[in-house]
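>>> based on what follows, work out the 3D shape:
(one chain, ligands or ions: 1)
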Amino acid sequence: MIEAHSLAKTYGSKTAVDGISFTVQPGRVTGFLGPNGAGKSTTMRMIVGLDRPSGGAVTVNGKPYAQHKAPLHEVGALLDAKAVHTKRSAYNHLRALATTHGISKKRVNEVIELTGLGPVAKRRVGGFSLGMGQRLGIAAALLGDPQTLIFDEPVNGLDPEGVLWVRNLAKGLAAEGRTVFLSSHLMSEMAVTADHLIVIGRGRIIADAPIGEVIDGGGRLRTLVRTDQPAELRRELENRETSFVEMGPDLMEITGRDPRTIAEVALARQILIYELTPRQVSLEDAYMELTRDQVEYQSHPVGQASGQGSPPPQEDPEQQEVPAPVRKTGAHAARSGGTSA
Ligand SMILES: Nc1ncnc2c1ncn2[C@@H]1O[C@H](COP(=O)(O)OP(=O)(O)OP(=O)(O)O)[C@@H](O)[C@H]1O
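Below you'll find the model as predicted:
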């Protein structure tokens, strides 16, 4: 289990991590999401003692990382796949790590097999592709058979087979009761790998909830409704929890009411409905909405510089209001709510 309490990190005047508290529980895959520069890597580096917190604390299995006598058996981390001795072979790199903890050659061979590095194990790491480097980093993380695993962008550079392998590996490790904490910018992959999500923006937590809750925005169902009488139907359904977006003369999206209720109200008022479609929100949609105001490095369409049709950059991003976090237990406050037409 990983527990962070008011964890903070500043670099000069830059606040990378702004006093965050969270728990990464064993037995499930916890995804760590956030825009570029949000503070994910800094947080992960603090967990494994590579960065010293400016404030607060973080423990792994009840102790700060540095206090574990045999940390490789406690936490396996893939943080920077390039941080290896490039002249060594993959085998020798893993052997060197293993000897620091009295880990057997047998285990070295096991993780080489497990990560598919067998054919290149005797080759110099310096010549490795990005994907092979990632596999080596994962092999090193698994070496001590640790209870807690931290993977920063593990699928970066992997081919589709490798991506699938990491997905199954992460799920398998969690199913064995281990703590698995992984970051990725690949939303489609995160959607099928993670059970729980922690989302950060500008160093603060903006969501900490089961993935289903993050995706559906706390049960705010969206339904596409096609009817000849949108105004009448809207009048009948209108209340504080329900919002409407007009999408055409006979089409609207209703948020906050389930399809059956919409159909019942329409039936009672003799309003003809000829389409009623629950809308699937993807993790990517939910993530984009959650982090809309948290993006530090804003991009613009090709040929359109800032200020030419795109929203201007924030003058002082540090002063931005951070929305209330999505919490594990209850209704969501993070989303700005439905748009009223
Ligand atoms: N050693 C450092 N010195 C100064 N600033 C740093 C340092 N490391 C990180 N930062 C800054 O801290 C902020 C958080 O960086 P971090 O790498 O943790 O973000 P991230 O969420 O991992 O981003 P990405 O998705 O791009 O990897 C960024 O603004 C970054 O520029």
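>>> around the ligand, pick out the residues from the stretch 1-150 of the chain.
With C-beta under 6 Å from any ligand atom as the criterion, the stretch 1-150 of the chain comes near the ligand at residues 11, 14, 16, 34, 36, 37, 38, 39, 40, 41, 42. For every residue, glycine as well, the C-beta is placed using N, CA and C.
>>> need the pLDDT of the fifth one.
The per-residue pLDDT reported for residue 36 equals 92.
>>> now the helices for the protein?
Here the chain has its helices, by DSSP state H, at 40-47, 71-74, 90-100, 105-114, 130-142, 160-175, 187-193, 211-216, 230-237, 259-268, 283-291.
>>> tabulate these (CSV), appending distance to residue 23 and mean neighbour count.
As requested, these are exported to CSV (distance: least, C-beta to C-beta, whole Å; neighbours: other C-beta atoms under 10 Å):
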stretch, distance to residue 23, mean neighbour count
helix 40-47, 12, 24
helix 71-74, 17, 19
helix 90-100, 28, 18
helix 105-114, 28, 16
helix 130-142, 21, 23
helix 160-175, 15, 17
helix 187-193, 19, 18
helix 211-216, 16, 20
helix 230-237, 39, 16
helix 259-268, 36, 15
helix 283-291, 20, 19
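>>> present those helices as TSV; the columns should include mean pLDDT.
TSV is the format used below for these (pLDDT from 0 to 100):
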stretch	mean pLDDT
helix 40-47	96
helix 71-74	90
helix 90-100	93
helix 105-114	95
helix 130-142	92
helix 160-175	94
helix 187-193	93
helix 211-216	85
helix 230-237	96
helix 259-268	95
helix 283-291	84
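>>> among the residues of the stretch 1-150 of the chain next to the ligand, who's most crowded?
Tallying neighbours with other C-beta atoms under 10 Å puts residue 34 at the head of those, with 28 neighbours.
>>> the nearest residue to that one once chain neighbours are set aside: what's it in contact with?
Using C-beta to C-beta, 6 or more residues apart in numbering and skipping residues adjacent in sequence, the residue nearest residue 34 is residue 200, 4.1 Å away. By C-beta atoms under 8 Å, 6 or more residues apart in numbering, the contact list for residue 200 reads 20, 32, 33, 34, 38, 39, 40, 43, 206.
>>> for residue 129, same thing?
Residue 129 sits next to residue 157 when contact means C-beta under 8 Å, 6+ apart.
>>> related to what we said a few turns ago, got JSON lines for the helices of the chain, with distance to residue 56 too?
Putting those into JSON lines (distance: least, C-beta to C-beta, whole Å) gives the following:
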{"stretch": "helix 40-47", "distance to residue 56": "9"}
{"stretch": "helix 71-74", "distance to residue 56": "20"}
{"stretch": "helix 90-100", "distance to residue 56": "29"}
{"stretch": "helix 105-114", "distance to residue 56": "33"}
{"stretch": "helix 130-142", "distance to residue 56": "25"}
{"stretch": "helix 160-175", "distance to residue 56": "26"}
{"stretch": "helix 187-193", "distance to residue 56": "26"}
{"stretch": "helix 211-216", "distance to residue 56": "24"}
{"stretch": "helix 230-237", "distance to residue 56": "46"}
{"stretch": "helix 259-268", "distance to residue 56": "45"}
{"stretch": "helix 283-291", "distance to residue 56": "23"}
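>>> show me what residue 15 is bridged to.
Following DSSP bridges, residue 15 is listed with bridge partners residue 10.
>>> so who does the closest residue to residue 185 other than its chain neighbours touch?
Excluding the flanking residues, the one nearest residue 185 by C-beta to C-beta, 6+ apart is residue 153, at 7.1 Å. Contacts for residue 153 (C-beta under 8 Å, 6+ apart) come out as 183, 184, 185.
>>> buried ones from the residues you listed, can you make that a PyMOL selection?
Per 16 or more other C-beta atoms under 10 Å, the buried members of the contacts of residue 153 correspond to this PyMOL selection:
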select buried, resi 183+184
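>>> got the contacts of residue 153 as CSV, with pLDDT columns?
What follows is those, written out as CSV (pLDDT from 0 to 100):
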residue, pLDDT
183, 95
184, 91
185, 91
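>>> in CSV: the contacts of residue 153, plus distance to the ligand.
Converted to CSV, the contacts of residue 153 look like this (distance: C-beta to the nearest ligand atom, whole Å):
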residue, distance to the ligand
183, 7
184, 10
185, 6
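>>> was I right about residue 251 contacting residue 225?
Yes: if you go by C-beta atoms under 8 Å, residue 251 and residue 225 touch, sitting 7.3 Å apart.
>>> neighbour-wise, which of these two wins?
For residue 251 versus residue 225, the count of surrounding residues by other C-beta under 10 Å is larger for residue 225: 26 against 14.
>>> follow-up on the earlier one: so what pLDDT did the residue nearest to residue 34 get?
Predicted confidence (pLDDT) for residue 200: 95.
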